[in-house]
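Undergrad: when you get a sec, could you give me coordinates for this:
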Amino acid sequence: MSRTEAAPRRRAAILVASTRAAAGIYEDAAGPLLQDWLYAHGFDVVLAEVVPDGEEVGQALRRMLALEPSVIITSGGTGISPTDATPEQTLPLLDRQVPGVMEALRAYGLSKTPMAALTRGYAGTAGTTFVLNLPGSPSGVTDSLTVLEPILGHICGQLEGINEH
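TA: Model (predicted):
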């Protein structure tokens, strides 16, 4: 009898950038949605934080990167309002950008709403961690996860040195 072993679970971190959610004005819905999706796709969330827009995003990203997760997904702060600064806080931490991921997310989002054109953000690598900026709305997150589903495992595998070609 052969024993089937489950694939080892990867580690993930979630960062929600929302001044209002961090202040308790409203309850964030994107973070729990991301946590459930990641768990269902083989990731254990080692850290999830809600922080105000701005410099605290960069500080939280640094804390998360120190844990060396396979993936960090941010939600929020990707629009064009004066306080939206997640892309600016993310970019200096990336070693390499993966622009095709963001292009795919925006293209899929545009099939649902013209507002997807206003989403800014980056996808890239920081060491062996894949970092991805998603919009703050639950519908934007859901749309983005649809695009991410078939490629996230491959991205993580490549960062782990696994070539599946």
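Undergrad: dig out what residue 134 forms beta bridges with.
TA: Beta-bridge pairing of residue 134 under DSSP bridges involves residue 75.
Undergrad: who are the packing partners of the lowest-mean-pLDDT helix or strand in the chain?
TA: None of the helices or strands of the chain scores lower by mean pLDDT, DSSP states H and E than helix 19-22, at a mean of 93. If contacts are counted by 3 or more CB pairs under 8 Å, 6 or more residues apart in numbering; DSSP states H and E, helix 19-22 sits against strand 43-51. Using the backbone N, CA and C atoms, a C-beta is placed for each residue, glycine as well.
Undergrad: residues in contact with the closest residue to residue 19 other than its chain neighbours?
TA: For residue 19, ignoring the flanking residues on the chain, the nearest one in space by CB to CB, 6 or more residues apart in numbering is residue 52 at 4.2 Å. By CB atoms under 8 Å, 6 or more residues apart in numbering, the residues touching residue 52 are 17, 18, 19, 22, 23.
Undergrad: hang on, residue 95 packs against residue 122?
TA: No. Using CB atoms under 8 Å as the test, residue 95 is too far from residue 122 to be in contact (11.7 Å).
Undergrad: looking at those two, which one has more neighbours?
TA: Legend: neighbour count by other CB atoms under 10 Å for residue 95 and residue 122, higher for residue 122 (22 against 11).
Undergrad: now for the more buried one: which residues touch it?
TA: Neighbours of residue 122 in contact, by CB under 8 Å, 6+ apart: 87, 90, 91, 94, 97, 102, 131, 132, 133.
Undergrad: what subset of those residues is buried?
TA: 87, 90, 94, 102, 131, 132, 133 (16 or more other CB atoms under 10 Å).
Undergrad: turn the buried ones among the contacts of residue 52 into a named ChimeraX selection, would you?
TA: Command for ChimeraX that selects the buried part of the contacts of residue 52, burial taken from 16+ other CB under 10 Å:
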select :17,18,19,22
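Undergrad: pLDDT below threshold where in this protein?
TA: Residue ranges of the chain with pLDDT under 70: 1-6, 164-165.
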